[in-house]
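1. below is the structure, and that's it, no one-letter string:
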DNA sequence: TCCAATTGATATCTTTTGAGTATGGGTGGG
DNA sequence: CCCACCCATACTCAAAAGATATCAATTGGA
């Protein structure tokens, strides 16, 4: 059975056109080299060298085989190097699931840093709704996803990637639009747009903050995507409290105001399937933490 | 050192996702298989399988390596098959040198037959002057050449490929143009165009035929290419005796007449460098002889 | 023309390593 | 909780690769 050794030996003899010289370059004695070439020729079924005791030359079959052998040896080395790089987390593909409003924060900078630090890694961004992100993760179509306060799930690992502060969003004509310092308790009579309470831990947390401030928020609409909140506010359907980085996506017709008093924070979590966690996920998270 | 065996074993395990099943399909026991995979992983430097005692799965590095390994194994088999085919004379490249006037005869049909019989052989035709053909042969740029009566050469093997009869070429207005039977002796007072006597054995042979017929030909021009003779006759510079197949290339302004009496024949020889003679040359010549 | 030097092939012995057998350990199913 | 299945480990054996010594053939030079 042909082995790469045969090819290595063959290439050496073809390069030197001398068994003695090739053997020396390979660090073996000449007779075993002759033996291996002989075995190779028997396996291939035709002579690859024309040899007199004085000159060694490639046959036509040998010339063709030499080109093939070089390619095979190179490909073998490449395959090992690639596998090694992937194993070490320096190469491969990472499919990242996220919502569009996520890129304005540390994640956007981390992606840029990652491209520079790991040029052999193909980082693919998939912008999706939060529930679709969960589905894609479980289907194995994405490797990691970033969500604001996702529901707990037994199959998924969830760690906090970074924490954002929040900001109040008001329509431009709102009575508080020109007020500099607004406390949460000042909003007790307002109508609110919220993230959907059933799957957003952040929404539940906000609710609790309102209750603590002494009122139950009057929620007129619940949406799934954080960036949609701003649009609803602009449409005059209520006011909202949104993560700071979402506010980076500027919108006419609204104004942003900090919320005074107790600090309200929005956590972004990274999620992945435990069994599919490759070394790249760790590398990526490390970069995000460096940016946050 | 990685060998093809490692790849074969790896691919088998990847296919079955089971060491036991893979070992059975390979015809080896399971422990050596485990050992070889272990060695491979050590060589590559990263795990290729994730194995519990219950399930075997490819790692990310393993998935990539599997694709590479399949490609390498396929390429290895191909390389062997190709070399074997070339060695057996069923594949490769044959560079054929010839003059344009040669293709009208058995050679043209043999080339067609050869393309059908040996589809993996690339037959390349190089149309050249006779002396250039000799130079190309010696330089190793062509493998075989076809010449009418070439000069003997110690470096070259020369065998008769086929024999053609000859025909007399006259300008249309010639006094013998309407004569049915013409004997060589009738031409003693004519002006002739000949192939160059210094390198054409055929020309020397024709000269000898004329002498035998009782006259010394009055040669007005000597050329190198047989097809040129017809053009010179058409131009009224003399008459010529040319190989039969050259007459296939019809020309206005000339008429062809057989030469009565002793049969005059033109031999076409195949030439090649003895050391560079591959099996394809023999195959090609066999087809030509079948057509002749 | 002949001798010496060089090179590849052959024979034999040694060493390496791949393969087989026996067995242990861990996990999932009944 | 135990059994069965599967991969890993330990040990032995055989096959094959490698080393050494030697032969045969060819070429270059005297």
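-> That came through fine. Fair warning: this is a prediction, and the values are worked out from it, not measured in the lab.
2. helices or strands up against the strand ranked longest in chain A?
-> With DSSP state E setting the assignment, residue counts place strand A:156-171 as the longest strand in chain A. Under the contact definition 3 or more C-beta pairs under 8 Å, 6 or more residues apart in numbering or on different chains; DSSP states H and E, strand A:156-171 sits against helix A:106-117, helix A:130-139, helix A:226-234, strand A:240-243, strand A:254-257, strand A:259-260, strand A:265-273, helix A:279-291. In short, each C-beta sits where N, CA and C put it, glycine included.
3. let's see 6 Å
-> Other helices and strands packing on strand A:156-171, by 3 or more C-beta pairs under 6 Å, 6 or more residues apart in numbering or on different chains; DSSP states H and E, are helix A:226-234, strand A:240-243, strand A:254-257, strand A:265-273.
4. what packs against the first one?
-> Where contact means 3+ C-beta pairs under 6 Å, 6+ apart, helix A:226-234 is packed against strand A:156-171, strand A:240-243.
5. tilt between that helix and helix A:130-139?
-> Comparing the axes of helix A:226-234 and helix A:130-139 via axes from the mean of the first three to the mean of the last three C-alpha atoms, to 10 degrees yields an angle of 170 degrees.
6. and the nearest residue to residue A:165 once chain neighbours are set aside, what does it touch?
-> Counting by C-beta to C-beta, 6 or more residues apart in numbering or on different chains, residue A:244 is the residue found nearest to residue A:165 once chain neighbours are left out, at 4.9 Å. For residue A:244, the set of contacting residues under the criterion of C-beta atoms under 6 Å, 6 or more residues apart in numbering or on different chains consists of A:164-165, A:167.
7. so who does the closest residue to DNA strand C within the stretch 151-292 of chain A touch?
-> Per C-beta to the nearest atom of the strand, the residue of the stretch 151-292 of chain A with the smallest distance to DNA strand C is residue A:275, at 11.1 Å. With contact taken as C-beta under 6 Å, 6+ apart, residue A:275 is in contact with no other residue.
8. and what about it, helix, strand or coil?
-> helix (DSSP: H, G, I helix; E, B strand; the rest coil).
9. kindly report the same for residue A:73.
-> Look at residue A:73: counting by three-state DSSP, its state is helix.
10. any idea how far it is from DNA strand D?
-> Note on residue A:73: its distance to DNA strand D, by C-beta to the nearest atom of the strand, to the nearest Å, is 15 Å.
11. cool, residue A:171 as well?
-> Applying C-beta to the nearest atom of the strand, the value for residue A:171 to DNA strand D is 62 Å.
12. and that residue, bridged to which residues?
-> Under DSSP bridges, the beta-bridge partners of residue A:171 are residue A:254.
13. tell me the contacts of it?
-> Contacts for residue A:171 were tallied using C-beta under 6 Å, 6+ apart; they are A:233, A:236, A:254.
14. need the pLDDT of residue A:263.
-> Residue A:263 carries a pLDDT score of 86 in this model.
15. likewise for residue A:270?
-> The pLDDT attached to residue A:270 in the predicted structure is 94.
16. mind giving me the ChimeraX select for the contacts of residue A:171, buried ones only?
-> The buried subset of those, as determined by 16 or more other C-beta atoms under 10 Å in any protein chain shown, is captured in ChimeraX by this line:
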select /A:233,254
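17. for DNA strand D, state which of the contacts of residue A:171 is nearest.
-> For the contacts of residue A:171, the nearest to DNA strand D is residue A:233 (56.8 Å; C-beta to the nearest atom of the strand).
18. would you confirm that the closest one contacts residue A:254?
-> Yes - under the criterion of C-beta atoms under 6 Å, residue A:233 lies in contact with residue A:254, with a separation of 5.2 Å.
19. common neighbours of these two, please.
-> Overlap of the contact sets of residue A:233 and residue A:254 (by C-beta under 6 Å, 6+ apart) consists of A:169, A:171.
20. narrow the contacts of residue A:244 to those that are buried.
-> When these are checked against 16+ other C-beta under 10 Å, the ones flagged as buried are A:164, A:167.
21. will you turn the helices and strands packed on strand A:156-171 into a markdown table that also has distance to residue A:19?
-> Formatted as a markdown table, those follow (distance: least, C-beta to C-beta, whole Å):
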| stretch | distance to residue A:19 |
| --- | --- |
| helix A:226-234 | 72 |
| strand A:240-243 | 72 |
| strand A:254-257 | 80 |
| strand A:265-273 | 55 |
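22. winner for burial among those?
-> When you average the neighbours per residue for each of these (mean count of other C-beta atoms under 10 Å in any protein chain shown), strand A:240-243 leads with a mean of 26.
23. neighbouring contacts of that one?
-> With C-beta under 6 Å, 6+ apart as the contact definition, strand A:240-243 has outside contacts at A:164, A:166, A:168-169, A:193, A:206, A:226, A:229, A:233, A:266.
24. and for stretch A:180-200?
-> Identification of contacts with stretch A:180-200 by C-beta under 6 Å, 6+ apart yields A:149, A:151, A:176, A:203, A:213-215, A:217-222, A:224, A:229, A:232, A:237-240, A:257, A:259-261.
25. near residue A:77, how many other residues are there?
-> When counting by other C-beta atoms under 10 Å in any protein chain shown, one arrives at 11 neighbours for residue A:77.
26. cool, residue A:286 as well?
-> Around residue A:286 there are 12 residues (other C-beta under 10 Å).
27. again with residue A:221
-> By the criterion of other C-beta under 10 Å, residue A:221 has 16 neighbours.
28. you'd agree it is in a strand?
-> Yes - looking at residue A:221 with three-state DSSP, it is inside a strand.
29. for it, give me its contacts.
-> A:193, A:232, A:237.
30. mind running it again at 8 Å?
-> Applying C-beta atoms under 8 Å, 6 or more residues apart in numbering or on different chains, one finds that residue A:221 lies in contact with A:193-194, A:232, A:237-238.
31. run through who's touching the strand or helix carrying residue A:208.
-> Residue A:208 is located in helix A:201-212, with elements delineated by DSSP states H and E. Contacts to helix A:201-212, defined as C-beta under 8 Å, 6+ apart, come from residues A:148-151, A:184, A:187, A:194-197, A:216-217, A:222, A:241, A:243, A:262, A:264, A:266-267.
32. adding distance to DNA strand D, write the helices and strands packed on strand A:156-171 out as CSV.
-> Output for the helices and strands packed on strand A:156-171, formatted as CSV (distance: least, C-beta to the nearest atom of the strand, whole Å):
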stretch, distance to DNA strand D
helix A:226-234, 46
strand A:240-243, 46
strand A:254-257, 57
strand A:265-273, 22
